[in-house]
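> predicted model, plus sequence, below.
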Amino acid sequence: MNASLGPLVGHALQINMHPLDVDHVVETLPHQLRAWRGQVDRVVITLDHKVSTTGRYHAADYDEKLAQLTGLLERLSGSDTAIHVDLVNYSSEAIEGVRKAFFSAEPSLPLKAFDGGPFYAYFYGLYRANAERVLHMDSDMLFGGMSQRWMAEADAVFDARPDALFVCPFSGPPRADGTIDESLHVGFPGRRAFVPPQWLGLDVPAYGFNAVSTRIFVLDMRRFVERIGSLPLVRPDFKRRLRAHLLDQSPLTMPAEEVLSASMERLGLERVDLLGGAPGMFSLHPPYRNPAFYRQLPELIRRTESSDLPDGQLGDFDVNASMIDWSDALAAKSRPARLKKALRQLIAANRARLLGQ
């Protein structure tokens with residue numbers, strides 16, 4: 001296993017990334033550090049450098065991307081000893097350590113979800129952060145409001161609400177009355193019992209949920225041990241297992257966020273989305289990638305940090321068309337385009353399998 005990152009701390013920021021994320025990380029990581037470095041004791045950048053033969057994490061220029069990202073991370077960590085770059089360790093010893101920490105009742109720990117998305121890497125990052133409360137985020141998350149008191153306010157919510165397993169920044173910039181667009185929160189494809197967001201009536205805008213996304217959350221690790229202990233995997237249905245087999249993926253589990261959410265629902269635990277006192281803290285997620293996104297990303301970050309956002313963006317947790325023209329990205333998500341992509345993936349996966357790659 002990688003060298004120890006140090007003793008247990010109160011708060012750690014933990015960010016998952018992959019070399020192919022570098023085109024946005026050059027802008028988003030400095031932004032994320034501006035938002036959060038002053039509120040945590042340790043920063044752990046969890047770098048999943050595993051090469052895929054097919055799918056989203058496969059690219060001909062992988063080595064070039066890895067070199068670019070490594071250079072950026074070395075510069076940032078060299079200027080702050082609390083920033084640790086931690087390569088995901090796929091040794092049997094490391095996998096067993098993560099299994100015991102989060103899935104001790106399961107005989108084995110899948111490395112990927114049924115769709116090929118990261119699974120082990122998420123829990124490895126939480127495990128390695130070694131903090132009482134871990135602020136986890138994906139590498140593309142954006143933040144506005146930028147309150148430097150938000151983490152202390154989140155601690156107060158944890159202390160006051162014993163069923164709160166997660167506290168998150170507000171889901172998107174609030175509307176003028178402090179609310180979100182509740183109709184946008186519809187749950188996950190693999191979950192049936194999604195409860196709509198509940199307005200909590202606190203002194204500041206806050207909502208309660210019975211589900212969590214791996215995009216962004218603060219997890220109370222001690223509460224996880226006390227209330228959950230071991231996460232049961234959520235088995236995919238037949239259609240998803242068949243898809244996994246056809247695409248040469250593991251059919252053992254649904255994505256990490258559905259596994260976490262299923263245990264929350266079963267045990268009556270909650271996630272609290274908290275804006276906090278002015279100027280507050282909210283998150284914003286770019287759902288697609290296209291040339292306009294990369295071209296406008298520095299300005300998008302500037303406007304998000306300063307809460308200089310159009311009315312059409314208020315209440316929405318995803319960067320929408322009021323800020324970025326997503327038309328070409330949406331065209332690539334059309335049914336014919338998705339079928340064409342699935343066919344390419346099917347051919348590539350089975351070619352790799354037949355050739356023993």
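Cool, the structure landed.
> okay, CA-based contacts and neighbour counts for the rest of this
Will do.
> can you pull the pLDDT of Val343?
No, residue 343 isn't Val; it's Leu. Leu343 is assigned 61 on the pLDDT scale.
> tell me the mean pLDDT over whichever strand or helix holds Ile45?
Under the criterion of DSSP states H and E, Ile45 resides in strand 42-47. For strand 42-47, mean pLDDT is 98.
> go through the following helix or strand past it and flag the buried ones.
On the C-terminal side of strand 42-47, the closest following helix or strand by DSSP H and E is helix 62-78. Neighbour-count burial for helix 62-78, counted by 16 or more other CA atoms under 10 Å, picks out Tyr62, Lys65, Leu66, Gln68, Leu69, Thr70, Leu72, Leu73, Leu76, Ser77.
> other SSEs contacting helix 62-78?
helix 22-36, strand 83-87 (3 or more CA pairs under 8 Å, 6 or more residues apart in numbering; DSSP states H and E).
> wait, a strand at Phe217?
Yes. Counting by DSSP: H, G, I helix; E, B strand; the rest coil, Phe217 is part of a strand.
> do I have it right that it meets Phe166?
Yes. Assessed by CA atoms under 8 Å, Phe217 is found in contact with Phe166 at 6.2 Å.
> tell me which of those two has more neighbours.
Neighbour count, other CA atoms under 10 Å: between Phe217 and Phe166, Phe166 has more, with 30 against 22.
> now do the SS call for the more buried one.
Classified using three-state DSSP, Phe166 is strand.
> from what I see, it and Val272 are in contact.
Yes. The pair Phe166 and Val272 qualifies as a contact (CA under 8 Å) at a distance of 6.3 Å.
> quick revisit: closest one to Pro162 among the helices and strands packed on helix 62-78?
Taking CA to CA, helix 22-36 is the member of the helices and strands packed on helix 62-78 nearest to Pro162, at 24.7 Å.
> and the closest one, what does it pack against?
Applying 3+ CA pairs under 8 Å, 6+ apart, one finds that helix 22-36 contacts helix 62-78, strand 142-144, helix 291-305.
> redo the ones you listed as a markdown table? Include distance to Leu20 and mean pLDDT.
Below are the helices and strands packed on helix 22-36 laid out as a markdown table (distance: least, CA to CA, whole Å; pLDDT from 0 to 100):
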| stretch | distance to Leu20 | mean pLDDT |
| --- | --- | --- |
| helix 62-78 | 6 | 95 |
| strand 142-144 | 18 | 98 |
| helix 291-305 | 14 | 98 |
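> wait, which of these is closest to Asp23?
helix 291-305 (7.5 Å).
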